[in-house]
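S.K.: what's the 3D shape of this:
(chains A and B)
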Amino acid sequence: MQDEPTPIELTKAVADFLRNDITPLVSGHQAFKLRVAVNILDLVTRQLTQEEGGDAAEVERLRALLGMDGAVTDLNRALADRIAKGEVDFATPGLAEHLWATTMDKLAVDQPNYASYKRELGRGG
Amino acid sequence: MIEAELSRSVARWCKGATGVTGAAKLSGGASQETWRFDITHPDGPIGAILRRSPKGYGAAPTRAAGLAAEARLMQLAYEAGVPSPRVMHELTPDEELGTGFIMQRVEGETIARKILRDEEFAAARPLLARQIGAVLAGLHRLPQDKLPELRSRSGTQEISEFERDYRSLDWPKPVFELALRWLRDHDPGPSAETTLVHGDFRNGNLIIGADGVRAVLDWELAHLGDPMEDLGWVCVNSWRFGEIDKPVGGFGSREELFAGYEAAGREVDPSRVKFWEVMGTLRWGIMCGGMMQRFREGPDHSMERAMIGRRASETEIDLLRLLAPRGG
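M.R.: Residues are numbered from 1 along each chain as shown, chains lettered A, B, ... in the order given. Have a look, this model is predicted:
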């Protein structure tokens, strides 16, 4: 077990420093790059916070859909293969619900301000 | 210094020109650059743009039409009354500027978010969807016997190409698999008519002024194919920049786009447009994957490129909204 502060707390501290203390000091292209850097750290913080729970739920759904066990990457590969072979499609019970849940979890980390995501979140997640 | 070469160039073809000032690079990858500069002239400065591949970077990537074709297309568009900059000069080898061309600079805005938010464009915005329909109709009607040599691409070929690109990423994505399957199942086959297709006609590649569309830019993906491709691409959600209820670039409705196109004397096939919108959404998603790969393998190890890789999920939610919409 590693000591604390946690990676989430450390990453957040760096992001806050860049955002609050460095942003006022730079301009032009450097300011643009700094915004990208802060966005990356914010994304990493969201992933560190949400990934474990999201992946566990995704694995649960994939096991039920596919009738097999494995790591989240392997299960996604298996699902992609079955769709490519035409064995699974939107008519397959549970598939659309699974992909919606998985995609919403991804957007929550990648781009929580994306308009399509916010609209779908308003429908109840 | 590029101003020395540009000064020598303009002196040869621009009567009265005595030099250039204010040369600044606007954008550029390794193989293609865009510069702005002003030609010094007794009647007042002339705004100009240089598009070039620097020396040693003449070969175009496989999908690109090439700068010579771009220049030809922009000039044809200009002559036909399609909003386009006038091409002033095509570079020759002895000018030592590489390959490419110089065109008149059109004033206006290209940054999509500004066009969608700034007061300056408030009066133009409600007119743009219909106007874009008319511009596309003009573009699709450019005389085929005058076009430069261009690759020809059908929807069926595009599906295969995107599938190959996607598989080469080794990036299993169930939503992309479903989109590929949907495209194969809904492939409408060869279009009745083959025309010039711009290939990247969207909010971000248009110069907009208070009066509307002033110029169509970025012709490098021009090809021959189904004209409905351009109508689908301009509707891809990624180019609505948050205005998701206004499919045409965040400006207006498909109905307005179609009305503008049809008023200009051309026919719309809405089911083909939808097919190309799905294709376009997947296309941008796969391109995000390509960015991730280039970030990983270099040489462009930039943060921006890395972050575009994390935008593929935006196209996944948009594909789900298109192919498996939820009720309510």
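
S.K.: contacting residues for B:Ile115?
M.R.: B:Ile115 makes contacts with B:Glu109, B:Phe121, B:Arg125, B:Asn203, B:Ile208, as judged by C-beta atoms under 8 Å, 6 or more residues apart in numbering or on different chains. Heads up, the C-betas are built off the backbone N, CA and C, glycines and all.

S.K.: by neighbours, which of those wins?
M.R.: Counting by other C-beta atoms under 10 Å in any protein chain shown, B:Ile208 has the largest number of neighbours within the contacts of B:Ile115, with 28 neighbours.

S.K.: which strand residues bridge it?
M.R.: B:Glu109, B:Val213 (DSSP bridges).

S.K.: quick check, pLDDT for it.
M.R.: Predicted confidence (pLDDT) for B:Ile208: 97.

S.K.: for chain A, see how far away it is.
M.R.: Per C-beta to the nearest C-beta, to the nearest Å, B:Ile208 is found 21 Å from chain A.

S.K.: quick one: residues contacting B:Leu97.
M.R.: B:Ile2, B:Glu5, B:Leu6, B:Ser9, B:Leu50, B:Arg52, B:Leu91.

S.K.: nearest residue to the fifth one other than its sequence neighbours?
M.R.: Okay, so that is B:Leu50. Leaving aside its sequence neighbours, B:Leu50 sits nearest to B:Trp35 (C-beta to C-beta, 6 or more residues apart in numbering or on different chains; 4.2 Å).

S.K.: give the other helices and strands that the host helix or strand of the one you found contacts.
M.R.: Secondary structure from DSSP states H and E places B:Trp35 in strand B:33-40. Applying 3 or more C-beta pairs under 8 Å, 6 or more residues apart in numbering or on different chains; DSSP states H and E, one finds that strand B:33-40 contacts helix B:2-13, strand B:19-28, strand B:46-53.

S.K.: can you list the buried residues in stretch B:146-161?
M.R.: B:Leu147, B:Leu150, B:Arg151, B:Arg153, B:Ser154, B:Gly155, B:Glu158, B:Ile159 (16 or more other C-beta atoms under 10 Å in any protein chain shown).

S.K.: ok, stretch B:6-21 next?
M.R.: Buried, per 16+ other C-beta under 10 Å, within stretch B:6-21: B:Leu6, B:Ser7, B:Ser9, B:Val10, B:Cys14, B:Ala17, B:Val20.

S.K.: what does stretch B:38-57 give?
M.R.: Going by neighbour count (16+ other C-beta under 10 Å), the buried part of stretch B:38-57 is B:Asp38, B:Ile39, B:Thr40, B:Ile46, B:Ala48, B:Ile49, B:Leu50, B:Arg51, B:Arg52, B:Ser53, B:Pro54.

S.K.: with stretch B:191-200 instead?
M.R.: B:Ser191, B:Thr194, B:Thr195, B:Leu196, B:Val197, B:His198, B:Gly199, B:Asp200.

S.K.: hmm, who's touching it?
M.R.: Stretch B:191-200 has contacts (C-beta under 8 Å, 6+ apart) with B:73, B:136, B:139-142, B:144, B:147, B:150, B:152-155, B:216, B:218-230, B:233, B:272.

S.K.: partners of the strand holding B:Trp35 in the sheet?
M.R.: The strands beside strand B:33-40 in its sheet (DSSP bridges) come out as strand B:19-28 (antiparallel), strand B:46-53 (antiparallel).

S.K.: restricting to C-alpha, output that strand in CSV.
M.R.: Only the C-alpha atoms of strand B:33-40 are listed here, as CSV (Å, rounded to 0.1, in the frame of the first residue of the first chain):
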residue,chain,number,x,y,z
GLU,B,33,2.0,25.8,-44.3
THR,B,34,-0.3,28.8,-44.5
TRP,B,35,1.1,32.3,-44.3
ARG,B,36,-0.5,35.7,-44.4
PHE,B,37,1.3,38.8,-45.7
ASP,B,38,0.6,42.2,-47.3
ILE,B,39,1.8,43.1,-50.8
THR,B,40,3.2,46.7,-50.8
